[in-house]
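Engineer: Below are the sequence and a predicted model; questions follow.
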Amino acid sequence: MARPRTASDEDVFAAAFRVMQVAPPSGFTLQAVAREAGITAGALVQRFGSKRDLQIALAKGSRESTTAFLESLHSKSDDPLAALRHYADCMASLAASPAAIVRNFAYLQEDLSDPALRAELKRQGLATRHVLESLIRSAVQRGDLQARANPPRIARAIEAGVGGALLSWAIYRDGTAKAWLRAHLAAVVDPWRTPSRQGRPGS
């Protein structure tokens, strides 16, 4: 008799994210995730409990992976402003299509409505802001940004500017989301550039 297939938590999370990429919140069910992961819904219940418990575990995993990704951007890049543009590009990937951004906003509504999910979202936001501050400090130290630049304030402005740009692109849909978000990032960062670094290629 064949043994039932097992799946690691990482396999389950990957399957869940694949479901979220094609299904609205109403279609995100334990059955759908189990089918995508190649296991039974009962196995998911035994491991995670309810659908909400799985969503909370997903949120924690997403926060940890996002933080690790952003920290790797900082540690591996010798150009902090390029790393900031990469951050904006990653945010733009949430709007790969008009349908994708509508679906992602629907999941965001769920996150904001549930205290536990919103708490994880807040932790992710604070971790992201910390990395943005570090990148701005590095840009000041390199001479890319003016010495009087205030990293905490600029990080908050980038966070609000890029997040707001994602919403405004969903409304206007003018060009690509990537170009739209990069333009809004530049609107925040460019006034702080040192004169010698204005208009650098790839900026």
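Structural biologist: On my side now, so go ahead. Note that the coordinates shown come from a computational prediction; the quantities given were computed from them, not determined experimentally.

Engineer: so what does the helix or strand bottoming out on mean pLDDT in the chain touch, helix or strand wise?
Structural biologist: Least confident helix or strand, the chain: helix 51-76 with a mean of 87, by mean pLDDT, DSSP states H and E. For helix 51-76, the elements it packs on are helix 9-20, helix 30-37, helix 41-48, helix 80-92, helix 115-142, judged by 3 or more C-beta pairs under 8 Å, 6 or more residues apart in numbering; DSSP states H and E. Backbone N, C-alpha and C define where each C-beta goes, glycine included.

Engineer: Please tabulate those in TSV and include distance to residue 178, mean neighbour count and mean pLDDT as additional columns.
Structural biologist: Shown next, in TSV, are the helices and strands packed on helix 51-76 (distance: least, C-beta to C-beta, whole Å; neighbours: other C-beta atoms under 10 Å; pLDDT from 0 to 100):
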stretch	distance to residue 178	mean neighbour count	mean pLDDT
helix 9-20	20	17	94
helix 30-37	28	19	96
helix 41-48	34	16	92
helix 80-92	4	20	94
helix 115-142	18	18	94
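
Engineer: Residue 149 is nearest to which of the ones you listed?
Structural biologist: When the helices and strands packed on helix 51-76 are compared by C-beta to C-beta, helix 115-142 sits nearest residue 149, at 5.4 Å.

Engineer: which secondary structure elements does the closest one contact?
Structural biologist: Packing partners of helix 115-142 (3+ C-beta pairs under 8 Å, 6+ apart): helix 51-76, helix 80-92, helix 98-113, helix 151-172.

Engineer: I figured residue 74 hits residue 131, correct?
Structural biologist: Yes: using C-beta atoms under 8 Å, residue 74 makes contact with residue 131 at a distance of 5.8 Å.

Engineer: still on that earlier bit, columns distance to residue 102 on top of the helices and strands packed on helix 51-76, output as a markdown table?
Structural biologist: Converted to a markdown table, the helices and strands packed on helix 51-76 look like this (distance: least, C-beta to C-beta, whole Å):
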| stretch | distance to residue 102 |
| --- | --- |
| helix 9-20 | 13 |
| helix 30-37 | 19 |
| helix 41-48 | 27 |
| helix 80-92 | 15 |
| helix 115-142 | 19 |
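
Engineer: Out of these, which gets nearest to residue 172?
Structural biologist: Nearest to residue 172, of all the helices and strands packed on helix 51-76, is helix 80-92, at 14.0 Å by C-beta to C-beta.

Engineer: circling back to that earlier point, can you give me the buried ones in the least confident helix or strand of the chain?
Structural biologist: Using 16 or more other C-beta atoms under 10 Å as the test for burial, helix 51-76 gives 51, 54-63, 66-67, 70, 73-74.

Engineer: could you give the angle of that helix to helix 115-142?
Structural biologist: With axes from the mean of the first three to the mean of the last three C-alpha atoms, to 10 degrees defining the directions, helix 51-76 sits at 0 degrees from helix 115-142.

Engineer: quick one: contacts for residue 60?
Structural biologist: Counting by C-beta atoms under 8 Å, 6 or more residues apart in numbering, residue 60 touches residue 120.

Engineer: ok, now how distant is it from residue 158?
Structural biologist: 25 Å (C-beta to C-beta, to the nearest Å).

Engineer: mind checking how far residue 159 is from residue 134?
Structural biologist: Going from residue 159 to residue 134 by C-beta to C-beta gives 14 Å.

Engineer: Fine by me, thanks again.
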